[in-house]
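Engineer: A structural model of the following input is requested.
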Amino acid sequence: MRIDIILESSNSPERVRELGELAEANGLGGVWVSNMNDARDPFINFVPLAMHTQRIRLGPIAVSPFELHPLKMASSLLTLNEVAKGRAQIVIGAGGGTAQAMGAKPVRVVRAVRECADILRLAATGQPVRYKGELFEVKWYNPSWVQSPPPDIYIGANGPQMLKAAPRHANAIMVSDFVVDHVRRSRAIIDETLDAAGKDRATFKLNNFWAWHVKETREEAEREARIWLTVRGTLYPPYINEVLDPDEAALVNRNINQFIRAYNRKSDVIEGVPPEIVSKLARRCTSACAIADLDQEIERLRSFARAGLTEIALRIYEKPADTIRLLGQRVVPALADA
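Structural biologist: Just a heads-up that it's a prediction; the model follows:
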């Protein structure tokens, strides 16, 4: 199973290059950044890294056609792909924070993502594109300058409709914060669609955005994990029912604003929720442990691979260089045959 990392989206181009080069030297497969409304442009920010690496893949999570028309998305992605000589990658999403900040009103989101993926695939051929969908249209687009192999086009899919549609329109899917059982159920949906479409299961990529908080001590790891719990998809219904008992899940739902307040304060104290429940969330929704207990998280990654993941994208936080080295020394070798 390929191990990727997700870097902080506000990093400078120089910092992205530094950490990305370190990731390549440590055997990691890809570098991602989240596409945030108030961060640096993710396509431009990757250019120095693309110019100074040879193997590692790179790109943004997730770009919505409601914030950037698929024609302009294609131009940005394919330009980065030319700089990287065919190593660019992208996750297409339905909405997200940037679309919300723009006041965009996503409609027919499955159709929108499908059409966006179709346009990107056509543009990546370097041939003239004329496309008229139900939501998007492209005319007079001739990317004759395209020379590199096509980028990897992922669709961000969490719900069953998107999981069923994505395999027909992209060569990869990224899910977000899925626990092992959820990955297994999703892979079954994906494989059924691939079979119906006559596509090869073995070549289809499935990645999972997963929070990684492995630190010197368990206390340090759980402190960091608690701060970021509000941005974990597992915190919200129906996914929270996969990690907590019904009474515990109901208590968390009643106090969800306390998780948001803690995140805004960058505090690990969640008022109104017993510490043991918050700790359980941190352990079950993320990889939060001491380095001395890393083997338990390596086994979780192996379980992800057995459930059908071909890749996992680990969102790393404080001390990213130390984390990258640890991944290279302990995790990449352990997952090489998974």
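
Engineer: Which elements pack onto the lengthiest strand in the chain?
Structural biologist: Counting residues, the longest strand found in the chain (DSSP state E) is strand 205-215. Here strand 205-215 touches strand 152-156, strand 172-176, helix 180-197, helix 218-227, strand 287-290, helix 294-307, strand 311-315, helix 320-326, going by 3 or more CB pairs under 8 Å, 6 or more residues apart in numbering; DSSP states H and E. Using the backbone N, CA and C atoms, a C-beta is placed for each residue, glycine as well.

Engineer: And the next helix or strand past the last one?
Structural biologist: Along the chain past helix 320-326, the next helix or strand (assigned with DSSP states H and E) turns out to be helix 332-334.

Engineer: List of residues touching that following helix?
Structural biologist: For helix 332-334, contacts defined as CB atoms under 8 Å, 6 or more residues apart in numbering pick out Ile3, Asn26, Gly27, Leu28, Ile298, Leu301, Arg302.

Engineer: Give me the buried stretch members for it, please.
Structural biologist: Judged by neighbour count (16 or more other CB atoms under 10 Å), helix 332-334 contains these buried residues: Val332, Ala334.

Engineer: now it, how far from the chain's geometric center?
Structural biologist: 20 Å (CA atoms, centre = their mean, to the nearest Å).

Engineer: Report the buried residues of the helix or strand bottoming out on mean pLDDT in the chain.
Structural biologist: Using mean pLDDT, DSSP states H and E, helix 97-101 stands out as the lowest-scoring helix or strand of the chain, at a mean of 79. If you call a residue buried by 16+ other CB under 10 Å, then helix 97-101 has these buried ones: Gly97, Thr98, Ala99.

Engineer: And for stretch 162-170?
Structural biologist: Those would be Met162, Leu163, Lys164, Ala165, Ala166, Pro167, His169, Ala170, for stretch 162-170 by 16+ other CB under 10 Å.

Engineer: could you give the mean pLDDT of the helix or strand encompassing Leu22?
Structural biologist: Using DSSP H and E, the element containing Leu22 is helix 13-25. The average of the pLDDT scores along helix 13-25 is 98.

Engineer: Could you pull out the buried residues of it?
Structural biologist: Quick answer for helix 13-25 (16+ other CB under 10 Å): Arg15, Val16, Arg17, Glu18, Leu19, Gly20, Glu21, Leu22, Ala23, Glu24.
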